[in-house]
Structure formats: C-alpha cells, structure tokens
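**Q** return a 3D structure for these sequence lines:
(2 chains)
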Amino acid sequence: MTVAPPAPSVAPSAAETRPKLVSRQLEAWFGDNRVLKGVDMEVPARRVTAIIGPSGCGKSTYIRCLNRMHEMVPGARMAGRIELDGVDVYGPDVDPVLLRRKVGMVFQKPNPFPTMSIRDNVLAGLRLSRRKVAKTEAEAIVEKALRGAALWDEVKDQLKKPGTDLSGGQQQRLCIARSIAVEPEVLLMDEPASALDPIATARIEDLLHELKERYTIVIVTHNMQQAARVSDQTAFFLSGELVEMADTNTIFTSPGDRRTEDYITGKFG
Amino acid sequence: MSTSSVDIKRRGRNLGERAFIALSLVAIAIPLLILVGLVANTLVDALGRIDWDFLVGYPSRRASAAGIFPALIGSLWLIGLTALIALPLGVGAALWLEEYGGKSRLAGFIEVNIANLAGVPSIIYGLLGLGLFVRFLDLGRSVLAGALTLSLLVMPIVIMATREALRTVPGHLREAAAALGATRWQVIRQVVLPMALPGVLTGAILAISRAIGETAPLIVVGALTYMTFLPADPGDPFTALPIQIYNWVSRPQEAFLVNAAAGIMVLLVTMLTLNSVAVLLRNRLQRRTR
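**A** Numbering: from 1, shown residues only, chains lettered A, B, ... in the order given. I've put the predicted structure just below:
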C-alpha cells in the first residue's frame, strides 16, 4: 500500500508541486547558543532533498526541528514556523508523538533495539502505536518493510536473531525498515551512511532512489559526492543560515553564491 | 655509548608496580581466607547435625530434637513478601526520579533522603516498623509487618541499583524509540526497562541478601523464637532463620551452638539458592541484551 496523497481533493499534479514541508524564519537554540538563525526553506514532496554544510552549521538541528526531536534535548528551544502539508507542526493541538509517526527519522549511528529480534525491531513502531498486531498481518508488514529497505533476502531466514547481530550496513537498513514499517510520509536521515563502509553506503544510496517514489526524504550529509549522487534538491547551510537551495545539478555546476562555490570546491569546510 | 637509536629493551618491571600488585593480592587474600575459615569452621560443626529431621523439625527444649522448619518457612515468607513489596515500589521510585522527576527540587529532596535512609541503622527501621506497622496500622507481630519493615530497609538498595541501570541505557536508543512515535511511557516500557532489567535484578540480589540476614529489626517488630506452627497467611506470627540462630547461640548449652551452626548453613544455602535464581535470570537477560 502506498501512502495516500496529502490532499485528495487537489489534482495530483498540484499535490506534486506543493511543498511537503515548509519552514519560516526557523530559529533554534541550545541554551544561549543560537544554532539556526531564521531558516526559510521548502521541501518538495517525494523528492530527495540533501542538506550539506560544514560541521556545526545547524543542518542536523534543522531536521530535528522538523519532527520536534530538537525540543527533547534539555535546554533546547526553537522559534518560527514549520508546516507539514500546510499544518503548523508546533500548533497547540499537535501531538508531537503523532507527528513523529508521520515524520520518521534514521540516525547517524545504526541503533536497532538490542533487546529485540530483527522481526521485533521492524514491528517496534507498530507495537508502540497499537496494542496488538495480528500475527499474519505482522508477518506481512515485516516482509514488506524489510523488502522496502532492501534487507529481506539477507535476513529472511534469521528474523528471530537479535538485530544487533547484523553488520553495520544491515543494521542501518534494519533501522530504515523500522521507520518505514509505521508508514510515515517523510523520512529524515541524519548522515545515515557516515558510519558505514563504501559498499554499505552504496546500498543505502540505491535504496534512497526507490524510497523517494513513496516518501519525502530529507538527508543531511557531510559528503558532497553523496549529495550529488542521491538528491534532487540541495540546500547549503552555513553558520545557522540557509545560503542557497536549488536543483542539485545547479548547486554543483553553477551555484549562485560565492560561499557555496567555495565550499563545494573544497576551499573550506 | 650507543648512537642515537632509542633504547627499547625491557628493563624489568617497575618496582612500584610489582609492589602494588602484591599488595592487591594480599588485600583480596585476607578477606577470602577469613571467609573460607569461618564457613569451614561452621560447616564442620554443622555437618553432623544437618539432616532431614532438622530441616522439617519444630523447636524443642532438647537441642538434639530441635528443628528449623518454622524459621525456614518464616524466612521464605518474609523474603517473598519483601520482594513483592520492595521491588515494584523501588523500581517505580527509581523510574520517577530518573525519567520524570528530572532536576526538580522535589526530586533533589527525595534523592538526598534516599541516600540518608541507606545509612540508617537497621534497628531504627525496626522501631519504625513497630510504631507504624505493628501498632499504628495494627498489623500485629505478623509476617506482613516484618516484611513491610524489611521492605523499607532494602528499598534504598533497589532504588539506587535501578537508577544506575536506567542511566546506562544509551540516549540514542531512547531517541530512536521517540522518533518512531513512542510516548514517554512507551519508550520506558518497551526500550528502557528491558535494557535495565539485568541491573534491576542485581539490585534485587543485593536486597534479598540484605533482608534474609537481618535480625535486629525483626526482634523489635516481634518475631517469635519458639514457634510450633507455620505461618499460613501474612497476618500470622512468624520467626526467621537469623532469629532462630540468635536464640540458639544465646543458650548456655553446647548442643545448641551446634544447632546454631547448622542453622547458619541453612541460612547460607537458602540465600545462595535465592540469589542464584536471580543470577541465572540476569545472565539470560544479559545474553539477550548484549
């Protein structure tokens, strides 16, 4: 089952062009440290949007604001506005728990739950949100999510083994399977391949091309080649500001801003 | 004189390091030897006395006819009830302090007092139990009153061990669960508690070991020393192994000292059996969470 279009009343072409996520004057702090300084950005639906920039530029903080994970850090706060399909995600009637079921996240370090088998890891999100999942339904969900994460063929005979027994690359794909099992609309990825070897990285990158058919993907990466390979749009962050955002091709061939050019040509960063 | 090359030949171990290792070995040998000597000495006294009749026998004025059955059953009652009371309360308190209380002033206040409680002499707990459970709540000199008193005594141990265990659960796993759309309680229930369980069981082991050997608070709460029947429900009077041992030791006749030695062995074996159950459980869980 594919995720339903955001607004059924709107014609598909219009839904495709409407941004999935919008941030307006987004600011974020850790204590007194202002890490985002008014970011205006639009994330298109069912595309891969890459965020690049040097360490400490606020790119991870930015995506952690999108699913309201930022506010879970003690002393962290934000200001500004973020809309998901036009709805203010920081609105008073929005439950951040339910938001995170729509906006999933994959982290830098693979983090399957050590107490759970491969199968239970995939089902973890569902078990959290619903009390019971029928056994036959559960099997179908596990297979679908693992296939979606291009992991099924490698683990189908060992679903009962602990998730932490897998290799790093497999663990990360298990985490992707765990995220897509709850059928989110957006997948946020915080340097998902930075802890992996080149082969495992290539598999994750291939996977992104399949995933974007169904999900809106925002990927933070410090690897510019990776951004160029996987993304449709690229945003360049510097010191808490969005310097520019454009088609990935444009950013890497004829950036509009001097600082972007300096960064992608390796003059700093 | 050699040239510029650095001398990398072993010069023999540093004397200070050797001395330190020797000192450490002596430090571990002394308590071990004392312990082994003590157990061996008691075991020699006890061996001739421990038999089935001793285990299932009731107290008697004649040392050779006296048995330990009511004390053994009383201790099992006490430990069972104490575990039932102290473990859920202690784990719950630790969860609140660690996961919900945060850095609030109330949490800080409770924290300081738990640390203080751990240092209170056990006889004080006995007096508290006598005043609160036996008299005020009118539970009488019952096994329940004794278990409640022991629960107060071991709760700080459970709380502190559980908090340590909760702190070792990596933050990135909590984040992973939260990012899947888990509420705070769901994160705790599904991810944090299963990972902390081995540490909680360590706390349980420490608590059981402490509770099973406590004598002073039970004397104050009013455990009997001469019981000719078994406690059948939590409201019944009771005696316990350390009480029985204390009673036998204080008798003038030599034969009762042998009984005490046999009682000590029963107490030790009971404690080790209970603890090994917890250890086995913990090791199984640890294999799972590795």
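**Q** A:Arg173 and A:Ala150, how far apart?
**A** 6 Å (C-beta to C-beta, to the nearest Å). C-beta coordinates here come from the backbone N, C-alpha and C atoms, glycine included.
**Q** any common contacting residues for these two?
**A** A:Arg203, A:Leu207 (C-beta atoms under 8 Å, 6 or more residues apart in numbering or on different chains).
**Q** who has more neighbours out of these two?
**A** Just comparing A:Arg173 and A:Ala150: by other C-beta atoms under 10 Å in any protein chain shown the higher neighbour count belongs to A:Arg173, 28 against 17.
**Q** what residues are up against that one?
**A** Contacts of A:Arg173 by C-beta under 8 Å, 6+ apart are A:Ala149, A:Ala150, A:Leu151, A:Arg203, A:Ile204, A:Leu207.
**Q** most surrounded residue in the residues you listed?
**A** A:Ala149 (27 neighbours).
**Q** pLDDT score for that one?
**A** Note on A:Ala149: pLDDT of 88.
**Q** A:Gly169 versus that one, what's the distance?
**A** On the measure of C-beta to C-beta, A:Ala149 and A:Gly169 end up 11 Å apart.
**Q** likewise for B:Ile110?
**A** For B:Ile110, the distance to A:Gly169 - C-beta to C-beta - is 45 Å.
**Q** these two: which is more packed in?
**A** Just comparing B:Ile110 and A:Gly169: by other C-beta under 10 Å the higher neighbour count belongs to A:Gly169, 22 against 16.
**Q** wait, the more buried one sits on A:Ala200?
**A** Yes - counting by C-beta atoms under 8 Å, A:Ala200 is a contact partner of A:Gly169 at 2.5 Å.
**Q** which residues does the residue of the stretch 51-200 of chain A found nearest chain B contact?
**A** Using C-beta to the nearest C-beta, the single residue of the stretch 51-200 of chain A nearest to chain B is A:Arg101, 3.4 Å away. Shown in contact with A:Arg101 (C-beta under 8 Å, 6+ apart): A:Gly125, A:Ser129, A:Val182, A:Pro184, B:Leu180, B:Gly181.
**Q** one more time with 7 Å, if that's ok
**A** A:Ser129, A:Val182, A:Pro184, B:Gly181 (C-beta atoms under 7 Å, 6 or more residues apart in numbering or on different chains).
**Q** out of everything not next to it in sequence, what's closest to the second one?
**A** The shortest distance from A:Val182 to any non-neighbouring residue, by C-beta to C-beta, 6 or more residues apart in numbering or on different chains, is to A:Gly125 (3.9 Å).
**Q** three-state assignment of the one you found?
**A** The three-state label given to A:Gly125 by DSSP: H, G, I helix; E, B strand; the rest coil is helix.
**Q** ok, now how distant is it from B:Gln190?
**A** Here the criterion is C-beta to C-beta. By it, A:Gly125 lies 10 Å from B:Gln190.
**Q** which one of those two has more residues nearby?
**A** A:Gly125 (27 against 19).
**Q** now the more buried one: how far from A:Leu207?
**A** 18 Å.
**Q** tell me how many other residues crowd the residue in the stretch 101-250 of chain B that chain A sits nearest to.
**A** Chain A sits closest to B:Gly181 of the stretch 101-250 of chain B, with a gap of 3.4 Å, by C-beta to the nearest C-beta. Using other C-beta under 10 Å, B:Gly181 has 24 other residues around it.
**Q** returning to what we had before: report pLDDT for the residue of the stretch 51-200 of chain A closest to chain B.
**A** At A:Arg101, the pLDDT value in this model is 91.
**Q** in the stretch 101-250 of chain B, which spans are helices?
**A** Taking DSSP state H, counting those that start in this stretch as the criterion, the stretch 101-250 of chain B contains helices spanning B:105-118, B:122-129, B:143-167, B:171-179, B:184-187, B:193-213, B:216-221, B:241-249.
**Q** give me the contacts around the first one.
**A** This points to helix B:105-118. B:Leu97, B:Gly101, B:Pro156, B:Ile159.
**Q** and the angle from that helix to helix B:122-129?
**A** Between the axis of helix B:105-118 and that of helix B:122-129 there is an angle of 120 degrees, by axes from the mean of the first three to the mean of the last three C-alpha atoms, to 10 degrees.
**Q** so what secondary structure elements neighbour the longest helix along chain B?
**A** Longest helix in chain B by number of residues (criterion: DSSP state H): helix B:254-289. Secondary-structure packing of helix B:254-289 (3 or more C-beta pairs under 7 Å, 6 or more residues apart in numbering or on different chains; DSSP states H and E): helix B:15-47, helix B:69-95, helix B:193-213, helix B:241-249.
**Q** just put the ones you listed in TSV and tack on distance to A:Arg34.
**A** Formatted as TSV, the helices and strands packed on helix B:254-289 follow (distance: least, C-beta to C-beta, whole Å):
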stretch	distance to A:Arg34
helix B:15-47	51
helix B:69-95	35
helix B:193-213	35
helix B:241-249	63
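**Q** give me whichever of the helices of the stretch 101-250 of chain B is most buried.
**A** Ranked by mean neighbour count, the helices of the stretch 101-250 of chain B are led by helix B:143-167 with a mean of 24 (mean count of other C-beta atoms under 10 Å in any protein chain shown).
**Q** for stretch B:216-231, measure first residue to last.
**A** One end of stretch B:216-231 sits 20 Å from the other (C-alpha to C-alpha, to the nearest Å).
**Q** residue ranges in the stretch 101-250 of chain B under the pLDDT threshold?
**A** Within the stretch 101-250 of chain B, no stretch has pLDDT under 70.
**Q** near chain A, which residues of it show up?
**A** With C-beta under 7 Å from any C-beta of the partner chain as the criterion, the stretch 101-250 of chain B meets chain A at residues B:172-173, B:175-176, B:178-183, B:186, B:190-191, B:194-195.
**Q** farthest-apart pair in those residues, please.
**A** B:Gly181 and B:Met195 (19.6 Å; C-beta to C-beta).
**Q** ok so, going back, part of a helix, is the residue of the stretch 51-200 of chain A closest to chain B?
**A** Yes - residue state for A:Arg101 (three-state DSSP) corresponds to a helix.
**Q** how near is it to A:Glu83?
**A** 17 Å.
**Q** ditto for B:Leu35
**A** B:Leu35 is 69 Å from A:Glu83, by C-beta to C-beta.
**Q** between the two, which is the more surrounded one?
**A** Neighbours per residue (other C-beta under 10 Å) separate B:Leu35 from A:Glu83, with A:Glu83 holding more: 17 against 10.
**Q** angles on the backbone of the more buried one, please.
**A** A:Glu83 adopts backbone torsions of phi -120, psi 140, taken as degrees, to the nearest 10.
**Q** farthest pair in the contacts of A:Arg173?
**A** A:Leu151 and A:Ile204 (10.8 Å).
**Q** hang on, B:Gln253 packs against B:Arg61?
**A** No - using C-beta atoms under 7 Å, B:Gln253 is not in contact with B:Arg61, being 10.1 Å away.
**Q** neighbour count for the two, which is higher?
**A** Each of B:Gln253 and B:Arg61 has its neighbours counted (other C-beta under 10 Å); B:Gln253 has more, 11 against 8.
**Q** hey, where'd the helices end up in the stretch 151-269 of chain A?
**A** So, for the stretch 151-269 of chain A - with DSSP H, counting those that start in this stretch - the helices run A:152-155, A:168-181, A:198-211, A:224-230, A:248-253, A:258-264.
**Q** stretch A:192-207 vs chain B: in contact?
**A** No - counting by C-beta under 7 Å from any C-beta, chain B has no neighbours in stretch A:192-207; the shortest distance is 11.8 Å.
**Q** and for B:Arg135, the neighbour number?
**A** 12.
**Q** cool, A:Gly53 as well?
**A** 26.
**Q** how about the nearest residue to B:Leu144, chain neighbours excluded?
**A** B:Pro234 (3.9 Å).
**Q** A:Leu36 too?
**A** A:Ala28 (4.0 Å).
**Q** thanks a lot, catch you later.
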